[in-house]
Every structure is written in structure tokens, then in C-alpha cells.
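[1] prediction below, plus the sequence it came from.
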Amino acid sequence: TVPSNSDWGTVAVSNQAGMVFSGNSTVVNLSIEALGVFVGQNQQTTVTGNWSSSGTYSNAVSTVIFSGGNAQSLWTVPGSTFNHVTVNKSASATLQLLSNMQMAGDLVVSGANFNLGQSKLTISGSIIDGAGNLLAGAGSTVLFTDSANSQMNQNGSSTLNKLSVVNSTLTLTNSLTINSDVKLLQGVLNLGANTHYLAGGISVNAGGIIGNSLHTLELKGSALQIASFTAGTTLNQFNINSSSKVLMLGTSFSVSTLTAVAGAFELGGGTLTVSSMSVQSAATFVAYTGTLRGPAVIAGSMSVTGL
């Protein structure tokens, strides 16, 4: 046990038996060496510099706070799991994730930016953006897993690259832009009452998409987007606003209002039931297979086989 201190410099952990602070502590840099073990216990560890781990971090019910006005980095080896993490930095500073990261608790971005870079963040809790932003590089993924009720309470400047939900229910409490794919595997995505923008595909496998009567999902990619839904999926407002093509797959799903603003929209199988459908002049609707049920207003082009 190391005494708590609000003014540690660089702390290097090499003790294989486990090093633990006796209380809440602040360090500049924290380095866990290859055979070292750092035990979080029920306390807060504030880091104003960098976190680097080649060893083991045992989180217990701890919280790690990244703060300060300088750029920071976080790197850890597989097998270490954080509990709660808070990013509370000045407005111009960024915490950069340099490795994959696993969390058992909540991520709170209350100031500045947390940049995922090309990494994968696996989280069992919720993500809460306050005055900060969660930023995602082109190769990054956020995976929500093993939670009965996770939330993503993001502000308008936060974006994700890939989003996956496995054995979990995720509620989006504000509008979200996703630059790549959404995958649900035994997962439920609750769109709430918000408008969400998706530039990639969406795959629902043994899960589902829900939301109240005010939600909107808009597909606005620049390449082929494949939307594959499970039976019984119901969307409220579903917009196709693509510079390429959206291919809809599935068994039986329904949409209250479907608007094809731009791009090609193809029904590639299953039965699509709409209460209202509009294909505007810059859009194309194609149905070589599948069944369309419901009223449609076609201002653009339409090609139908077997309806």
C-alpha cells in the first residue's frame, strides 16, 4: 500500500503482489510494467499526464480521472479492465486512446475530447458526454456488451465510426452520427425520440431496433449501404438520402413514413409495409424481389418486378 497523495509525479508499478494507493491520489504519469499489478480498489486515481500499461490493472469499483490542460495518451495491454473513467480536461486538450480498451463501468466525457483513434472500446456501462466530445477515427469501434440497460447520452458534436451491441440494450438519448456500420447481435438499439444519421450498413441478428413515434433514421452514405432487419422491426421515419445505393434486406418489417430523398433504394427481399412512402425526383426505387404494401407517391423513377 502506497500513501495517498495529491502530488505524485511519475509512478512506475513493478510490484507483482499488487500496488494500491491508500486513498484518492493524483499522479502525473502512471506506468504499469510488464509484471506489475496496480489495484484500483474503491478510490479515485487522477492522471494529469499519460497512462501506460504493460502489466495488470485490477479496477475493483474504482474511478480513473484524466484531467489537465495538456494532451494525454492512454495505452494498455489486453486483459486489463477499467471500471469508471472520467475525461475532464480543458477545452483545447485531447485524451488519445492508443490501444483497445475494456470498461466495466461508465465513461464520462465532461470536458475536452476523448479520441478513440483506430481503437476498439468495449463497455458494459454507459457513455455520457457533457461539455466534451467523443471522437472516432476511421478504424474505431464502440461495442456495448453484457448490460441490461446502457445509455449513450452524447452531445451534438460526438460521432462514432462502428457501433456494435451484443447481449445488451442501448438507448440513444440524443441525436448521433455514425460514420460506418451498426451491428446488433442479441442486442437492442433504442433510438428514442431522436434523429440519427448512418453512413454505413445496419445488420440486426437476433436483436431489434425500437424507438418511440418521433424517431428518425436516415441513411446517407456515399457507397453501398445494406440494411438487414429481423422480423417485426418497426421504424417511424426512415429516410434514404444516399449518393449511392441502399439495399433493404429482411423478412417482414414496417415503416410509418419512408422518404427516398436521393440515391437508389432497392427492396431486396421480404415484405416491407409502409403507412406512407415518397420517392422524390432525385431518388430511384427498385423492387426485383420482395413485397411492398402500402401507399406510395413516386416522383422519381420506379422499377418493379412481381409486385
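    Noted; the coordinates are in hand.
[2] where does the prediction get shaky in the stretch 151-300 of the chain?
    Low-confidence segments of the stretch 151-300 of the chain (pLDDT under 70): 156-157, 288-289, 295-296, 298, 300.
[3] and Q16, how many neighbours?
    13 (other CB atoms under 10 Å). Where you see a C-beta, it was placed from the backbone N, CA and C, and this is true even at glycine.
[4] contacting residues around the residue nearest to it when sequence neighbours are not counted?
    Once flanking residues are discounted, Q16 sits nearest to L35: 5.1 Å by CB to CB, 6 or more residues apart in numbering. By CB atoms under 8 Å, 6 or more residues apart in numbering, the residues touching L35 are 14, 16, 55.
[5] is it true that the last one touches M19?
    No - with contact defined as CB atoms under 8 Å, G55 does not reach M19; the gap is 10.0 Å.
[6] so which of those two has more stuff around it?
    The neighbour comparison of G55 against M19 (other CB under 10 Å) goes to G55, with 21 against 17.
[7] ok, the more buried one to S25 distance?
    18 Å (CB to CB, to the nearest Å).
[8] try N83
    In terms of CB to CB, N83 sits 16 Å off from S25.
[9] could you do V297 as well?
    Counting by CB to CB - V297 and S25 are separated by 65 Å.
[10] do the same with L189
    Taking CB to CB, one finds L189 at 39 Å from S25.
[11] do T169 as well
    Counting by CB to CB - T169 and S25 are separated by 36 Å.
[12] how long is stretch 185-201 from one end to the other?
    Using CA to CA, to the nearest Å, one end of stretch 185-201 lies 14 Å from the other.
[13] using neighbour counts, pick out the buried residues of that stretch.
    Residues of stretch 185-201 classed as buried by neighbour count (16 or more other CB atoms under 10 Å): 185, 187-192, 194-201.
[14] which pair of these spans the longest distance?
    The most widely separated members of the buried residues of stretch 185-201, counting by CB to CB, are L185 and T195 (24.8 Å).
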